[in-house]
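Enquirer: My questions concern the predicted model and sequence given below.
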Amino acid sequence: MAGALGSYALVGVLVGALLAGTVGDIIGRRKVMLTAYAWFAIGMALTALTSTVSMFGLLRFLTGLGVGALVATTGALVAEYAPPGKKNLATAITYSGVPVGSLLAALLAILLLDQIGWRGMFWIGALPLVTLLPLAIFKMPESVAWLAATGRHDQARKISERTGVPVPYAEPGAPVAAGAVRAPAGRAGFAGLFSGTYILPTALLGLMSATGLMLVYSLNTWLPELMRRVGYEAKGSLAFLLVLNGGAIVGALIGSRLADRLGPKPVVAACFLIGALAIGLLTLSLPLALLLLIVAFAGLGTSGTQTLIYGFVANYYRTNVRGAAVAWCAGFGRLGGVGGPLLGGFLISAGLALNSIFYVLAGLGLLGLVLTLLVPVARGREVTTITIEPATPSGVAEAGASA
C-alpha cells in the first residue's frame, strides 16, 4: 500500500507534464507555471485534511498534476533565459530544487514529525501558496524567446528592456541584429518532437528519464526502509535519505559545469556509471563514514543524473518544441517514477536479499548508461531549422545563409 500511495502522485505528475508540454508551447510558460504553483499547494493543503486512504491517494494524484506541469515547463523557461555557456548550470541549479525538497522533507521529518505528525508535514508543503506564488506573480516574466518565436514582438521587446535579455528572433522583414536569427521553422510542440531527425533522440531521452526516475524514486521511497532492515533505527535511516539528496545537489551542480564545457552527453553517461557502481558498493560491509560517502555518490548517480538529463533535454531542441521536449522527459519519464516505489515494494515483499535488491537497482544505472551513449550528438540542431539573414545597407535582409 505504501508503494502504491507513493506512485499515485507520480501518475499525476506524468499526466500533468504531458498536458503542460502542449499547453505551455501554446499559451506560454508563465501562465502554466503560475497555475501549477497554486494547484499543487492547494492540493497539499487538502491532503492534510483527508481522513481516508482512498481520498489520500486521489489527492496525491491531483497534486501531482500541478507538480508535473511545473517540472515540465520550468526547464523550457530557464533554458530560454540562461546565458550562453551556462545553460546546463542554470538548469541544474533550478532542478536541484527537487533533491533540495527531498532533503528538507527528510530533515523536517527527523526534527518535526513526532511533534506535528504527517498532516503538519503536508501543511508545510502548502506554504508556496502564500510565499512562492505571490512572488512569481510580480517577478517572473514570460520567456522572451517564446514571445518572439510566436510573433508577439511588442511584448518580447518590453520584457527584453525590463530584464536585459536580448530578443533572439527578429521580426519578419526587419533587419537582423547581431546574434539574432529568424524564428525557428518546423512543426511546433509534440508534432515537431516526433518528426524528422528528432524521433530517435526523443525516444532515447524519454527512456533515459524513465530509467533515471525509476532509480530516484526507488531509493527515495525505500532507502530508509532498506537501511532500517540492516539495523539502523528510524531517524538514522532517514539520515541516509538526507545524504542521498545532498550528494545529488552537489553532484548535479558540479556535473552541470562540466556539461557546459564538455557537452551533457558524456557527463550524464559518467553519472549513470557512478550511480551504478555506488549502488553496487552498498552491498559491502563498510564503516559508517564510508557508507555515507557512497550513498552521496549514489545520490549523484540518481537524482543528480536526472537533474542533468533535464538540462540535456532543455538545450537539445529548438524553441518551438522545447516545452514539449521537457514535458516528454518529465512526463514519459514518470512511468519510471511510478514504477520505482512499486519496484522497491515488490522486491522487498518478495523476500529478496538486500544485496539482490541493490544489484537490480545498479543494473538500472547501467541501462541508463547504454541509453545515453546511443543518443545522437546534437551538433547544430537549433540552427539547421533557421535562416540567418544579415541586414543589407538598405536595412532589409535579403540574403540568407543556411547554417
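Expert: In hand now; what should we look at? Predicted model, so just to flag it, every value in this text is computed and none were measured.
Enquirer: Low-confidence bits of this protein, can you list those?
Expert: For the chain, the stretches flagged by pLDDT under 70 are 3, 6, 169-188, 230-238, 378-403.
Enquirer: can you map out the strands along it?
Expert: For the chain, the strands defined by DSSP state E cover 169-170, 181-182, 387-388, 401-402.
Enquirer: Kindly provide the distance from the residue positioned nearest the centre of the chain to residue 255.
Expert: With distances taken as Cα atoms, centre = their mean, residue 310 lies nearest the centre of the chain, 4.8 Å away. Noted for residue 310: a distance of 12 Å to residue 255, by Cβ to Cβ, to the nearest Å. Bear in mind the C-beta positions are built from the backbone N, C-alpha and C, glycine included.
Enquirer: Residue 14 now?
Expert: Going from residue 14 to residue 255 by Cβ to Cβ gives 25 Å.
Enquirer: just residue 360 next, same as before
Expert: Distance of residue 360 to residue 255, given as Cβ to Cβ: 25 Å.
Enquirer: Compare those two and say which is more crowded by neighbours.
Expert: Neighbours were counted for residue 360 and for residue 255 using other Cβ atoms under 10 Å; residue 255 has more, 25 against 15.
Enquirer: Enumerate every residue touching that one.
Expert: Contacts here follow Cβ atoms under 8 Å, 6 or more residues apart in numbering; on that basis residue 255 touches 92, 267-268, 271, 300, 304-305, 308.
Enquirer: repeat that for 10 Å
Expert: 88-89, 92, 264, 267-268, 270-271, 274, 300, 304-305, 307-308, 311 (Cβ atoms under 10 Å, 6 or more residues apart in numbering).
Enquirer: tell me the two of these that are most distant?
Expert: 89 and 274 (19.0 Å; Cβ to Cβ).
Enquirer: hmm, back to that, quick one: the residue nearest to the centre of the chain from residue 249, how far?
Expert: Look at residue 310 and residue 249: by Cβ to Cβ, they are 14 Å apart.
Enquirer: got any residues that touch both of the two?
Expert: With Cβ under 10 Å, 6+ apart, residue 310 and residue 249 have common neighbours 92, 98.
Enquirer: Kindly tell me how buried the residue nearest to residue 68 when sequence neighbours are not counted is, as a neighbour count.
Expert: By the measure of Cβ to Cβ, 6 or more residues apart in numbering, the closest residue to residue 68 outside its immediate chain neighbours is residue 16, 2.8 Å from it. Residues lying near residue 16 (other Cβ under 10 Å) number 31.
Enquirer: Just list the residues touching residue 16, thanks.
Expert: Each residue near residue 16 by Cβ under 10 Å, 6+ apart is listed here: 32, 36, 39-40, 61-73, 327, 330-331, 334.
Enquirer: quick one: residue 9 and residue 276, what's the gap?
Expert: According to Cβ to Cβ, residue 9 and residue 276 sit 26 Å apart.
Enquirer: The two: which is more packed in?
Expert: Higher neighbour count among residue 9 and residue 276: residue 9, with 27 against 24, using other Cβ under 10 Å.
Enquirer: my guess is the more buried one contacts residue 125, does it?
Expert: No: counting by Cβ atoms under 10 Å, residue 9 stays clear of residue 125, with 11.1 Å between them.
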